[in-house]
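# okay, here's the prediction I keep looking at, along with the sequence it came from:
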Amino acid sequence: MSDQPNLPFSSPVMPKMYDGDKVISFRCHKAIGCFNACCKSIDITLTPYDIIRLKNRLGVTSAQFLREYTVPFEFEKDGIAGVKLKSVEGGSACRFMTDEGCSVYEDRPTACRYYPVALVSMRKQDEYTDSDSYALVEESHCLGHQEDRSLTIDAYREEQGVKEYDELSRGWRQLILKKKSSGATIGKPSLRSRRFFFMACYDIDTFREFVRSDGFHSSFALPTAEYEALLVDEVALLQFGYRLLRQVMFGEESIEVVADARNAVQLKQQANYIAEEEAARPKVWHDYDPALEPVDL
Ligand code: SF4
Ligand code: SF4
């Protein structure tokens, strides 16, 4: 049994890990010689909550945001998808970078808030409980490490407002970690599951339409007050999506299934599985179109 690290960046070796009380020396400010250097070459994985903040900031739907501002990728071969922030056309700089700094600063993604710290989530095989550690990313172009200011990683997280971001994407990180560590037992998720994961985690406006749909009502029974809250509260809807995914992907039932639907749903899933896998073979996630037909269960 081994711990499964979920690194927010690619690294051939396991970085040195720290707890939140680790003291670091760092300050970033507009007058620093390297101002904006870190935004000129980006590799930023977006969390579900990052997407909600950014699409609302830009006044677009989640599907429009995904198409216009992101590139999908797979966390592991044939696995579930993530999305990265798309850089400027023909370059590596962030599209939100301006001479004055970040144009979406109040809604900047988790990874930007954390930098030069990185959150590394770990979990034991077949467990949901994850534990957080931190890595320090020391890149030569970043002069902030030479500034005369010491603070703990916990204090830096507080200053950068990452706690809310971490909390609201915890369910997503746990799903990825569980999938990674139980891959051999659970097997490759079906195309339907992978699409469903993509919609519930990243395409919140389409997911809301799904929750409104007859397909949802004929499959799941929710108390009226809880159901109505989902339609007006994106954060509640996102958290519900994580619960639904745990049910769909790992059979952990926490949402009541309509009795008549139970057998029909299972039979339909099984009947579709083989055909979907065949249809999926030549497809890569970079072809993924959030406007594909609505996912039903
Ligand atoms: S979102 Fe803002 S902080 Fe993050 S890379 Fe882009 S410009 Fe920089
Ligand atoms: S100090 Fe580091 S984080 Fe701040 S602008 Fe420079 S490179 Fe970016």
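Sure thing, it's come through. Ligands and ions are numbered 1, 2, ... in the order given.
# can you give me the neighbour number for residue 158?
Residues near residue 158, counting by other CB atoms under 10 Å, number 13. No exception for glycine: its C-beta is placed from N, CA and C like everyone else's.
# so where is the stretch 51-200 of the chain shaky, pLDDT-wise?
78, 123-129, 183-187 (pLDDT under 70).
# what packs against the helix or strand hosting residue 241?
Using DSSP states H and E, residue 241 sits in helix 234-250. Packing partners of helix 234-250 (3 or more CB pairs under 8 Å, 6 or more residues apart in numbering; DSSP states H and E): helix 48-58, helix 162-181, helix 191-202, helix 204-212, helix 224-232.
# residues contacting it, please?
The contact list for helix 234-250 (CB atoms under 8 Å, 6 or more residues apart in numbering) reads 48-49, 52, 168, 171-172, 174-175, 178-179, 182, 186, 189, 193, 196-197, 200-201, 204, 207-208, 211, 220, 229-231, 252-255, 297.
# may I have it as PDB, with CA atoms only?
Output of helix 234-250 as PDB, limited to C-alpha atoms (Å, rounded to 0.1, in the frame of the first residue of the first chain):
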ATOM      1  CA  GLU A 234     -23.300  27.200  -7.800                       C
ATOM      2  CA  VAL A 235     -21.100  26.200  -4.900                       C
ATOM      3  CA  ALA A 236     -23.900  23.900  -3.500                       C
ATOM      4  CA  LEU A 237     -24.300  22.500  -7.000                       C
ATOM      5  CA  LEU A 238     -20.600  21.800  -7.300                       C
ATOM      6  CA  GLN A 239     -20.500  20.000  -3.900                       C
ATOM      7  CA  PHE A 240     -23.600  18.000  -5.000                       C
ATOM      8  CA  GLY A 241     -21.700  17.100  -8.200                       C
ATOM      9  CA  TYR A 242     -18.900  15.600  -6.200                       C
ATOM     10  CA  ARG A 243     -21.400  13.400  -4.300                       C
ATOM     11  CA  LEU A 244     -23.100  12.300  -7.400                       C
ATOM     12  CA  LEU A 245     -19.700  11.400  -9.000                       C
ATOM     13  CA  ARG A 246     -18.800   9.300  -5.900                       C
ATOM     14  CA  GLN A 247     -22.100   7.500  -6.500                       C
ATOM     15  CA  VAL A 248     -21.700   7.100 -10.200                       C
ATOM     16  CA  MET A 249     -18.000   6.300 -10.400                       C
ATOM     17  CA  PHE A 250     -17.500   4.300  -7.100                       C
END
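# nice, that's everything, thank you.
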